[in-house]
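Asker: Dropping the sequence and predicted coords here.
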Amino acid sequence: MKLCLQVLGERLLARVTRELARPDSAFPRQFGVGLPLQWQIARLDAWPDRCSTADPASSRAASRATVLLVEAQDAVVVDQLWSLASREYHAIAGSNTSAFQPIPVIVVFDRELPTASLLDLPAIVSDWVSGSDAMHDLVRRIVFVLKQRHLLVLEPDSARLSLAVEQRRLHYGDKSTVLTPYEVSLAELFLARLGSVVPMDELQLMFRLAGRSVEGSNMRVTMFQLRFKIEALTRCHYTLTCTYGLGYVLRPGKSVATRASSDSGSDTRSRNGSADHRCCIAPAI
């Protein structure tokens, strides 16, 4: 996969170029298993007219993702970012908005600045980094924003369960399902603690904050609906189960193939006259 870094700023361009050339570079050469990464640098001598691509389909087809890195040495850069955001707004407003795909923008400050002074950055800025030697931190933020916008993804056969909060979609490989706004909050919590029990007290607090009833029947119905979507999407490779008296946990479940094999084994034992009359009851939600 090709990853293009558009760099605005001479010193930042030199730093990124040196880092890429190092044998132990902070820029990863592979993502996951079997997805090599090819980093490319594009030098920008002037501010771009906008920070979005007009044809997201062609960008994905070429397996190419772009990140704009902006060097900031003084407050003038912030004013220029606002000017770029204004041009971006007018470009999108005068065109078909569905044809635009925003390019992540990361601002790199040459010195540590108070966080309060950075909160007024325009919405086009995805993240910022402070410090002239924060190259590892910069790479981490580049990879994170690419993953967050699904520009850097694994192949479907190496699928993992992931959540796109803005689109309210739960992804698994090349498939996805739409969640309700409240299911998004729950899914985000369970994914952050995959394999660990989320206490009932914490779930009840989430229900109260959302203005929902904490009655047992309401919680069970909500969890059942979320479990149904997860199992249908992942073919039961993931499931949401109840640990009685403790809470709920999102964990790997039995696949369809495993269940089919188990059922086949049970039928064989029945035909041989040694059937086990115990039944397997799914955990209640």
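Answerer: That came through fine. Numbers count the residues shown, from 1 in each chain.

Asker: mind checking pLDDT for Leu81?
Answerer: Note on Leu81: pLDDT of 87.

Asker: who touches it in this structure?
Answerer: By C-beta atoms under 8 Å, 6 or more residues apart in numbering, the contact set of Leu81 is Val70, Val105, Val107, Leu121, Pro122, Ile124, Val125. All C-beta spots, glycine's among them, are computed from the backbone N, C-alpha and C.

Asker: Between which two of those residues is the distance greatest?
Answerer: Greatest spacing in these, by C-beta to C-beta: Val70 and Pro122 (11.5 Å).

Asker: more crowded one of the two?
Answerer: Between Val70 and Pro122, counting by other C-beta atoms under 10 Å, Val70 is the more crowded of the two (23 against 15).

Asker: Tell me if that one really is in a strand.
Answerer: Yes - following the definition DSSP: H, G, I helix; E, B strand; the rest coil, Val70 is counted among the residues of a strand.

Asker: For Leu250, see how far away it is.
Answerer: 38 Å (C-beta to C-beta, to the nearest Å).

Asker: cool, and Met219?
Answerer: Distance from Met219 to Leu250, by C-beta to C-beta: 15 Å.

Asker: for Arg169, same thing?
Answerer: Applying C-beta to C-beta, one obtains 17 Å for the distance of Arg169 from Leu250.

Asker: what number of residues lie near Lys2?
Answerer: Using other C-beta under 10 Å, Lys2 is surrounded by 13 other residues.

Asker: which regions of the stretch 151-285 of the chain sit below the pLDDT cut-off?
Answerer: In the prediction, the stretch 151-285 of the chain carries residues with pLDDT under 70 at positions 153-159, 214, 216, 254-285.

Asker: tell me the contacts of Ala164?
Answerer: Residues touching Ala164, when contacts are defined by C-beta under 8 Å, 6+ apart, comprise His150, Leu170, His171, Ser176.

Asker: go again using 10 Å as the cut-off
Answerer: For Ala164, the contacting residues are Gln148, Arg149, His150, Leu170, His171, Ser176, Leu179, Val184, taking C-beta atoms under 10 Å, 6 or more residues apart in numbering as the criterion.

Asker: Please tell me how far the first one sits from Leu163.
Answerer: Meaning Gln148. With the distance defined as C-beta to C-beta, Gln148 ends up 10 Å from Leu163.

Asker: Then Asp127?
Answerer: With distances taken as C-beta to C-beta, Asp127 is found 19 Å from Leu163.

Asker: just checking, Gly247 touches Pro199?
Answerer: Yes - counting by C-beta atoms under 10 Å, a contact exists between Gly247 and Pro199, whose distance comes to 4.5 Å.

Asker: okay, those two: which has more neighbours?
Answerer: Looking at Gly247 and Pro199 with other C-beta under 10 Å, you find the greater number of neighbours at Gly247, namely 17 against 13.

Asker: first to last residue in stretch 49-65, what's the distance?
Answerer: Taking C-alpha to C-alpha, to the nearest Å, stretch 49-65 runs 19 Å from one end to the other.

Asker: quick one: average pLDDT of that stretch?
Answerer: Regarding stretch 49-65, the rounded mean pLDDT is 56.

Asker: Going forward, the N-terminal residue is numbered 36.
Answerer: Right, with 36 as the first residue, what we last looked at is stretch 84-100.

Asker: How about the contacts made by Gln65?
Answerer: Residues in contact with Gln65 (C-beta under 10 Å, 6+ apart) are Met36, Pro71, Leu72.

Asker: filter the residues you listed to the buried ones?
Answerer: Met36, Leu72 (16 or more other C-beta atoms under 10 Å).

Asker: Same list (the contacts of Gln65) but as CSV, adding pLDDT, secondary structure and distance to Glu223.
Answerer: Below are the contacts of Gln65 laid out as CSV (pLDDT from 0 to 100; DSSP: H, G, I helix; E, B strand; the rest coil; distance: C-beta to C-beta, whole Å):
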residue, pLDDT, secondary structure, distance to Glu223
Met36, 82, coil, 26
Pro71, 83, strand, 30
Leu72, 86, coil, 27
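
Asker: Could I get the contacts of Gln65 in CSV, plus columns for distance to Thr276?
Answerer: Output for those, formatted as CSV (distance: C-beta to C-beta, whole Å):
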residue, distance to Thr276
Met36, 36
Pro71, 38
Leu72, 37
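
Asker: Out of the contacts of Gln65, which is nearest to Ile177?
Answerer: So of those, ranked by how close each gets to Ile177 (C-beta to C-beta), first place is Leu72, at 10.9 Å.
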